[in-house]
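Colleague: using only what follows, build the 3D model:
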Amino acid sequence: MPLRGKGMLITLTEVKSRDEADFNEWYNREHIDERVNLPGFHRARRYVAVKGTPRKTPKYFATYECDQVSDLATPGYLALLANQTKWSQAVMARFTRFQRLTLRIRVDLTHGVGGAITAVRFVPDPHKRNSLIAWLQDTSLPKAIAREGLLGACAAENDLDVANAPVQQKSMDHPKAIDAEWVVLLEGADPASTAAAARKTFKRTVLKRFGVDKAPAIATYRLLFGNER
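Modeller: Predicted coordinates:
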């Protein structure tokens with residue numbers, strides 16, 4: 001089964017160790033359910049980084065699937081961001097790191113829900129978007145998900161207008177997005193399999209042909225909790 005829509009929100013978060021218990025309870029008991037029940041939203045999942053993940057990688061990773069990326073910039077959604085519950089306000093005030101990506105799905109070769117994902121992040125030349133999509137759709141991702149332990153994959157592009165809507169509405173305090181970053185999610189049965197597929201597929205020398213001038217950021221996570229409607 002493919003993703004539940006053509007839009008996706010990704011958040012990457014960290015809190016201090018003393019705040020993790022409350023953070024995880026909030027995520028599992030309030031935040032995921034609250035978001036899933038918003039108009040246009042259908043499924044949300046949250047993950048924690050596995051051992052061996054690069055030190056600078058945020059520890060917690062979450063995905064929220066919605067009909068369209070524009071669902072992440074509606075007046076109702078932005079109003080919710082500006083008027084969080086008391087529990088949300090308390091937890092979010094303790095974030096030590098927070099990143100947010102509002103994504104337009106470009107390739108969807110997903111299949112069900114796996115226990116692990118590896119996220120690959122990079123910034124390509126926007127003029128090479130079509131050739132990148134063709135490579136992901138027809139060559140790299142089909143080959144990657146044919147590997148043992150892999151279940152599916154998707155690729156998405158950060159929509160800058162949607163990403164910056166909360167800044168314009170002053171409903172969240174975070175830097176304005178400038179580059180159209182891409183995220184590829186490789187999903188599988190175990191972290192070792194997805195990590196190996198990512199390293200094999202997304203080498204810097206390969207991505208260079210699409211205007212990527214830095215090594216991609218690769219991080220692997222295991223599933224903690226998800227819900228859907």
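
Colleague: how about the lengthiest helix in the chain: buried residues?
Modeller: Selection of the longest helix in the chain by residue count, based on DSSP state H, yields helix 191-201. Along helix 191-201, the positions that meet the burial threshold by neighbour count (16 or more other Cβ atoms under 10 Å) are 191, 193, 194, 195, 196, 197, 198, 201. Where you see a C-beta, it was placed from the backbone N, CA and C, and this is true even at glycine.

Colleague: average pLDDT for the very next helix or strand once past it?
Modeller: Along the chain past helix 191-201, the next helix or strand (assigned with DSSP states H and E) turns out to be helix 204-207. The pLDDT scores in helix 204-207 average 97.

Colleague: what about residue 225, which SS state?
Modeller: Applying DSSP: H, G, I helix; E, B strand; the rest coil to residue 225 yields a three-state assignment of strand.

Colleague: that one is in contact with residue 29, isn't it?
Modeller: No - under the criterion of Cβ atoms under 8 Å, residue 225 is not in contact with residue 29, lying 9.7 Å apart.

Colleague: who has more neighbours out of these two?
Modeller: Using other Cβ atoms under 10 Å as the criterion, residue 225 and residue 29 rank with residue 225 on top: 15 against 12.

Colleague: quick check: next helix or strand after the helix or strand of the chain with the lowest mean pLDDT?
Modeller: None of the helices or strands of the chain scores lower by mean pLDDT, DSSP states H and E than helix 165-169, at a mean of 60. For helix 165-169, the following helix or strand on the C-terminal side (DSSP H and E) is strand 182-188.

Colleague: distance of residue 130 from residue 210?
Modeller: For residue 130, the distance to residue 210 under the criterion Cβ to Cβ, to the nearest Å works out to 10 Å.

Colleague: more neighbours: which of those two?
Modeller: Neighbours were tallied for residue 130 and for residue 210 using other Cβ under 10 Å; the higher tally belongs to residue 210 (19 against 8).

Colleague: which residues sit in contact with that one?
Modeller: Neighbour list for residue 210: 124, 125, 128, 131, 132, 135 [criterion: Cβ atoms under 8 Å, 6 or more residues apart in numbering].

Colleague: can you do 6 Å?
Modeller: Contact criterion Cβ atoms under 6 Å, 6 or more residues apart in numbering gives 124, 128, 132 as the residues in contact with residue 210.

Colleague: please name the nearest non-neighbouring residue to the last one.
Modeller: Which is residue 132. If the residues on either side of it in the chain are set aside, residue 132 comes closest to residue 210, at 4.6 Å by Cβ to Cβ, 6 or more residues apart in numbering.

Colleague: residue 33 versus the one you found, what's the distance?
Modeller: From residue 210 to residue 33 the distance is 38 Å (Cβ to Cβ).

Colleague: measure residue 166 to residue 98 for me?
Modeller: Per Cβ to Cβ, residue 166 is found 12 Å from residue 98.

Colleague: any of the contacts of residue 210 buried? List them.
Modeller: Applying 16+ other Cβ under 10 Å to those, the neighbour count classes 124, 132 as buried.

Colleague: for the protein, which strand is longest?
Modeller: With DSSP state E applied, the strand covering the greatest number of residues in the chain is identified as strand 95-109.

Colleague: which positions in that one come out as buried?
Modeller: The neighbour-count criterion (16+ other Cβ under 10 Å) identifies 95, 98-109 as the buried residues of strand 95-109.

Colleague: and the strands in this structure?
Modeller: Using DSSP E, the strands of the chain run over 7-15, 41-49, 60-66, 95-109, 116-122, 150-158, 182-188, 217-228.
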